[in-house]
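Undergrad: Got a predicted model here, sequence first, then my questions.
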Amino acid sequence: MRLGLSLGYWGAGPPPGQGELVALAEDLGFDSVWTAEAYGSDALTPLAWLGSRTTRLRLGTGVVQVSARTPTATAMAALTLDHLSGGRFVLGLGVSGPQVVEGWYGQPYPRPLARTREYVAVLRQAFAREVVRLDGEQYRIPFPGGTGLGKALRPTVHPLRADLPVLLAAEGPKNVALAAEVADGWIPLFYSPHDDAHYRAALAEGFARPGARRTADDFEVACTVPVEVDDDVDAAADRVRPMLALYVGGMGARGVNFHYEVFARMGFEAECARIQELYLSGAKAEAVAAVPLAMVEKVALVGPRAKIADDLAAWEASPVTTMLVSGPPETLRTMAELVG
């Protein structure tokens, strides 16, 4: 299992010290660095900026939002970054949720799986420097209306790699199976190595489909894992609880919250309902306090160094191939020593 540095997306502005943190990760032997986007900072610009300071780290987006750019615009960015980094770019894609897709991008959200399948098909054509054509339900290239002068084109840039890797972010079983079928990897969120039978089944289903691109042996699973080192387990968990309460309680609407569903499948349905009720009613502190330690420990590494070392065994036995961690320099050093 390899280590990656997860930087996420900005808050109100550029986080201080990220350049130094990326340099440290490279010095410690980390494999990759990953950026994200929501509805503020984008994923590609910081990755290019930070990547210019590195020589070995793979540069991944975790994730670029599908609705933010047309598939050909994303292909151009990927081709460009791959050249600038000497073949180190990894394109992670995700569909986000209806609140962001419709509320921020002004795009329709329904049928995200079909949209993702067509999006990846366009990317593959561009990466192979083929003439891009698609007569899909979500994307039609060239556009059949308008002036009638649209022309099928191929990239002017010669790709550095025709097999530039594409990873899909997915939480539900159908999305996970799609990732195993059409992508080079999967980016889970709130994955638990203790409750992953449904994920393993979904991956197996995708690998077994006709024309599947990869097998379990050459498929990347890049998973974000919160890490909090502290002699007091509850104090460590307290630093993870606000994030879980936000995603379970506030990232989505009642009945349409994919993160809620992930934890409900782990057996925390009653807890999720309580957290969401509190969060959406404005009682955020109470929602945070309602996150049980058991829920935190399903998806995070918390507590003393020795406990974290023991808990790593479950992750190393899981399908996860790249563990994405974040935190201060001492956390990165600890994980580099433990994962080796």
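TA: Noted; the coordinates are in hand. Numbers count the residues shown, from 1 in each chain.

Undergrad: so Pro71 touches Leu123, yeah?
TA: Yes - with contacts counted by C-beta atoms under 8 Å, Pro71 reaches Leu123, the gap being 5.8 Å. C-betas here are computed from N, CA, C, even on glycine.

Undergrad: Does Pro242 touch Val288 like I think?
TA: Yes - between Pro242 and Val288 a contact is recorded at 5.1 Å, counting by C-beta under 8 Å.

Undergrad: For the protein, which segments count as strands?
TA: 2-8, 32-35, 58-61, 64-65, 89-94, 134-135, 140-141, 166-169, 185-187, 220-224, 227-229, 301-303, 322-325 (DSSP state E).

Undergrad: quick check, distance from stretch 35-53 to the centre of its chain.
TA: 14 Å (C-alpha atoms, centre = their mean, to the nearest Å).

Undergrad: Could you list the buried residues of it?
TA: 35-37, 41-44, 46-48, 50-51 (16 or more other C-beta atoms under 10 Å).

Undergrad: What segments of the stretch 101-250 of the chain are helices?
TA: Here the stretch 101-250 of the chain has its helices, by DSSP state H, counting those that start in this stretch, at 112-127, 173-182, 197-207, 233-238, 241-245.

Undergrad: Columns mean pLDDT on top of those, output as JSON lines?
TA: Formatted as JSON lines, those follow (pLDDT from 0 to 100):
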{"stretch": "helix 112-127", "mean pLDDT": "98"}
{"stretch": "helix 173-182", "mean pLDDT": "97"}
{"stretch": "helix 197-207", "mean pLDDT": "97"}
{"stretch": "helix 233-238", "mean pLDDT": "98"}
{"stretch": "helix 241-245", "mean pLDDT": "97"}
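
Undergrad: Taking the centroid of this structure, which residue is nearest it?
TA: Gly62 (3.8 Å; C-alpha atoms, centre = their mean).

Undergrad: List the buried residues for stretch 329-340?
TA: In stretch 329-340, counting by 16+ other C-beta under 10 Å, buried: 332, 334-336, 338-339.

Undergrad: Just the mean pLDDT for it, thanks.
TA: Averaging pLDDT along stretch 329-340 gives 96.

Undergrad: So which residues make contact with that stretch?
TA: 1-3, 5, 21, 24-25, 28-30, 227-229, 305, 308-309, 312, 323, 325 (C-beta atoms under 8 Å, 6 or more residues apart in numbering).

Undergrad: Leaving out the residues flanking it, which one is nearest to Ile141?
TA: Leu134 (4.9 Å; C-beta to C-beta, 6 or more residues apart in numbering).

Undergrad: so who does the closest residue in space to Pro142 that isn't next to it in sequence touch?
TA: Excluding the flanking residues, the one nearest Pro142 by C-beta to C-beta, 6+ apart is Gly150, at 3.4 Å. Contacts for Gly150 were tallied using C-beta under 8 Å, 6+ apart; they are 142-144.

Undergrad: Most neighbours of all those, which one?
TA: Pro142 (16 neighbours; other C-beta atoms under 10 Å).

Undergrad: Let me see the confidence value for that residue.
TA: The model's pLDDT for Pro142 equals 97.

Undergrad: I'd like the numbering to begin with 23 instead of 1 from here.
TA: Understood, numbering begins at 23; the last thing we discussed is Pro164.

Undergrad: Okay, Ala202 and Thr237: tell me how far apart.
TA: 9 Å (C-beta to C-beta, to the nearest Å).

Undergrad: between those two, who's got more neighbours?
TA: Remark: of Ala202 and Thr237, Ala202 carries more neighbours, 28 against 10, as counted by other C-beta under 10 Å.
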